[in-house]
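K.L.:
Structural data only, the sequence is not supplied:
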Ligand code: ARG
Ligand code: ZN
């Protein structure tokens, strides 16, 4: 059924203390819980205690030490009648971690036991008020075989441990910080740790440990260094200090998401922990730093202050994404990081916001909360808070966050609490700004520039498009950073910030002899789309000369987007096409030749807009046509700049491996050079890529060579794919790359390759990383997924149907690509719809997949 935000009621009982006892085993784990319950003076009293459960039954229920029968099990809920003010309630359950293929609750992974409780996994372990506003201190005792589970971990500190006569051992853990059940964690297994220490700003010593399987220890150095940097950064940037003596991180290879911020015991997908040059790309290194930071930062934005209910998810996720973005900006190249974040927003969140699954960053209803761990909650949520920071300025924003942490520490808070704190602390009026929390859809801003004597006027309009359940929208405050370039001097007079908060509004700028060139929405100050007619020469100028690196990237993107969109609309004459290409070539050459640019940024500027972002520009589109038009431009640029790209590749090759910015920049250039050359001069590119592969001493170069080759019909393709497989056989993360590179390839036979890979002995539906590496990559492959006969759609629907009974949460994540049908040309749209209907008709669909499919059919 549908759960409504407006139905929130405080829980009638408080549970200040919880004790859990686990008798661990892979097949049969016995869980005894003891809950100290007392009536909540701030809630409507209830004669029953309602505890959530999921797939478990109570073996025994005790009240104040006596076995009772005054309980019923009603749709997975355990209802216990209670007469007094306070009681001790004990419940015993038994679970089988080894058959838990959903990977929620307590499950087995490679012989170890671990947990994932967010959002509603704790109820699969024991009966509990499994909601984020019930905060308790947890004492955990666990015992198990000491050979199978030599390491026993839980939240907080280890307070006692020992051995039993029978070869089992036990440990007791206590977490002094009250927390909701979703932050509970337990790990038992044969693990080894990289250990280190951190001294906090007030001089406290914290023991750090990253736990992995025996052979993986060498690959944990980068994660550990990232963790220490994150701890230091949060002290400096947000004044946040760590609050326990111990901080544990565990890497697990079967994991639904990226990682989880359990108090004092973060659990990570191995993908976001393990790295060494031979197995991890530069991108992987960056992602690890970002996710390690993200989970660590949750200790304050998420754990010390948690969410009142799951509708407030963006309170912790949006804010924590912003914090991890700012951290990564400070650790590396800020402009490059900003561009990457905007690229993700535009190619994932914008399509979500314009499709059937659009929802505000604070949703009003859901059926299954797992479906709301979305790019909107995370990435748009971060953008919304970033806008407040932009309007307040860094210093005042910090006053706002200080006030927030101060005011709500120890509470389960709401998005409104956050906005109120920023309003009070930073001294902003956010009355109208709150609409960003309740309205879905990407605002569209149109711009008309008018020159009247020496006065420049900008006439702006905004509209927020209708989204499911929200037909009429109000104008929102849109902060726009801008600079006006004088045509004579080619300089501007400083960046300004204007805030568009009406449907139509004009802004005046005086003393410009001629219409200035306007650089708008600099740094992507607002997450909007802009429609304006900028002369090509002005875009070429901005792409080459804007002092805001983001704006420079943006001008380059605009130039390419407007060209490709005109081509796709069929409104491009041959002469126009030639002019457009020449303008792009001019901007391209400027970027290739600009000696003042660092190579990381140069590599970034050379990336063409994603097919997903391009299709956003059209009411409906043919994804294969978009793909072909984009490839055509790529091939043309590859031919025109062949000499330059070869020279670039030459310059970037040969140096010793290093992780510094210069060396990473060179690897990025090699990758871009191969991409363009593969499109323009495939035979030459194949030779260069094969040579690069065989001489490479790191994964980044091997991967970029393989990506180029995977798309080509050349003899080197098979040879290098085999070499890669043989080199990395048995290394799950590297083999994931081998699957995904083939599934995403530009090769005309990609569909057949994916079908064969699904039968490969290394493929399994049981491991989420492996499933995603094949099928997510495939769903993002425009020419294969969107094959005109619907074969690609059928394959994704089959994957969803096969995966749903095994792992519904992961299965439901494959629905959105099919849900795009309304924005696709009618022939393909009908085929996509038919597949959604086929899924909807299946018996015993999970709540996760059912919700996504029914919203997508709408
Ligand atoms: N809180 C985690 C993070 O963003 C994500 C956990 C999501 N879990 C889930 N079952 N959807 O760091
Ligand atoms: Zn998070």
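P.N.:
On my side now, so go ahead. Values in this document were obtained by computation on a predicted structure and should not be read as measured data. Ligands and ions are numbered 1, 2, ... in the order given.

K.L.:
What helix or strand is the nearest residue to residue 292 once chain neighbours are set aside located in?
P.N.:
Distances taken as Cβ to Cβ, 6 or more residues apart in numbering put residue 226 closest to residue 292, at 4.2 Å, once the chain neighbours are dropped. For the C-beta atoms, the positions are set from N, CA and C on the backbone; glycine is no exception. Per DSSP states H and E, residue 226 falls inside helix 221-238.

K.L.:
same deal with residue 479?
P.N.:
Using DSSP H and E, residue 479 sits within strand 478-485.

K.L.:
Enumerate the residues of the stretch 351-500 of the chain near ligand 1.
P.N.:
Contact residues, the stretch 351-500 of the chain versus ligand 1 (Cβ under 6 Å from any ligand atom): 370, 373.

K.L.:
what about 8 Å?
P.N.:
Proximity of the stretch 351-500 of the chain to ligand 1 (Cβ under 8 Å from any ligand atom) is limited to residues 369, 370, 373, 378.

K.L.:
Of the residues you listed - the most surrounded one?
P.N.:
residue 370 (26 neighbours; other Cβ atoms under 10 Å).

K.L.:
wait, isn't it in contact with residue 848?
P.N.:
Yes: assessed by Cβ atoms under 8 Å, residue 370 is found in contact with residue 848 at 5.7 Å.

K.L.:
which residues are common contacts for those two?
P.N.:
Common contacts of residue 370 and residue 848 (Cβ atoms under 8 Å, 6 or more residues apart in numbering): 809, 812.

K.L.:
Can you say which helix or strand has the closest residue to ligand 1 within the stretch 751-858 of the chain in it?
P.N.:
Here the stretch 751-858 of the chain gets closest to ligand 1 at one residue, residue 809, 6.0 Å apart by Cβ to the nearest ligand atom. Using DSSP H and E, residue 809 sits within helix 808-812.

K.L.:
Does that helix pack against any helices or strands, and if so which?
P.N.:
Using 3 or more Cβ pairs under 8 Å, 6 or more residues apart in numbering; DSSP states H and E, the elements in contact with helix 808-812 are helix 791-803, helix 847-857.

K.L.:
one more time with 10 Å
P.N.:
With contacts defined as 3 or more Cβ pairs under 10 Å, 6 or more residues apart in numbering; DSSP states H and E, helix 808-812 has these neighbours: helix 768-771, helix 791-803, helix 847-857.

K.L.:
Of those, give the one that comes closest to residue 311.
P.N.:
Residue 311 sits nearest to helix 847-857 of all those, at 15.2 Å, using Cβ to Cβ.

K.L.:
Identify the spatial nearest neighbour of residue 809, chain neighbours not counted.
P.N.:
Spatially, and ignoring its direct neighbours in sequence, residue 809 is nearest to residue 370 (4.7 Å; Cβ to Cβ, 6+ apart).

K.L.:
which residues does that neighbour contact?
P.N.:
The contact partners of residue 370, by Cβ atoms under 10 Å, 6 or more residues apart in numbering, come to 102, 104, 118-121, 256-257, 310, 808-810, 812-813, 846-848, 851-852.

K.L.:
What pLDDT is listed against it?
P.N.:
What the model reports as pLDDT for residue 370 is 98.

K.L.:
ok, now residue 735?
P.N.:
Per-residue pLDDT puts residue 735 at 99.

K.L.:
secondary structure class for it?
P.N.:
At residue 735 the chain is in helix, as set by DSSP: H, G, I helix; E, B strand; the rest coil.

K.L.:
Would you state the strands of the stretch 101-250 of the chain in chain order?
P.N.:
For the stretch 101-250 of the chain, applying DSSP state E, counting those that start in this stretch gives strands covering 105-109, 112-116, 136-145, 151-154, 157-163, 168-179, 186-189, 192-199, 205-212, 246-252.

K.L.:
quick one: which of those is nearest ligand 1?
P.N.:
The closest of the strands of the stretch 101-250 of the chain to ligand 1 is strand 112-116. By Cβ to the nearest ligand atom, the value is 6.1 Å.

K.L.:
if we can go back for a sec, what's the next helix or strand after the helix holding residue 809 packed up against?
P.N.:
Later in the chain than helix 808-812, the nearest helix or strand by DSSP H and E is helix 815-819. Using 3+ Cβ pairs under 10 Å, 6+ apart, the elements in contact with helix 815-819 are helix 350-353, helix 777-779, helix 791-803, helix 826-840, helix 847-857.

K.L.:
Relative to ligand 2, how far out is the most far-flung residue of the chain relative to its centre?
P.N.:
Note on the chain: the largest C-alpha distance from the chain mean falls to residue 453, namely 48.5 Å (Cα atoms, centre = their mean). To ligand 2, residue 453 is 53 Å away according to Cβ to the ion, to the nearest Å.

K.L.:
Now for that residue: which residues touch it?
P.N.:
510, 512, 513.

K.L.:
Check what pLDDT the nearest residue in space to the first one that is not next to it in sequence gets.
P.N.:
The reference is to residue 510. If you skip the residues right next to it in sequence, residue 510 has residue 455 as its closest partner in space, 5.4 Å away by Cβ to Cβ, 6+ apart. In this model, residue 455 is scored at 98, pLDDT.

K.L.:
Ok, residue 1 next?
P.N.:
pLDDT, residue 1: 89.

K.L.:
Please apply the same query to residue 521.
P.N.:
Looking at residue 521, the pLDDT reads 98.

K.L.:
Determine the number of other residues adjacent to residue 578.
P.N.:
So residue 578, with other Cβ under 10 Å, has 11 neighbours.

K.L.:
Identify each buried residue in the helix or strand hosting it, please.
P.N.:
Assessed by DSSP H and E, residue 578 sits inside helix 574-593. For helix 574-593, a neighbour-count test (16 or more other Cβ atoms under 10 Å) marks 577, 580, 581, 583, 584, 586, 587, 588, 590, 591, 592 as buried.

K.L.:
residues from the protein in reach of ligand 1?
P.N.:
104, 116, 118-119, 121, 256-261, 291, 294-295, 298, 302, 316-317, 320, 369-370, 373, 378, 809.

K.L.:
Give me the subset of those that also touch ligand 2.
P.N.:
When the residues of the chain next to ligand 1 are checked against ligand 2 using Cβ under 5 Å from the ion, the ones in range are 317, 320.
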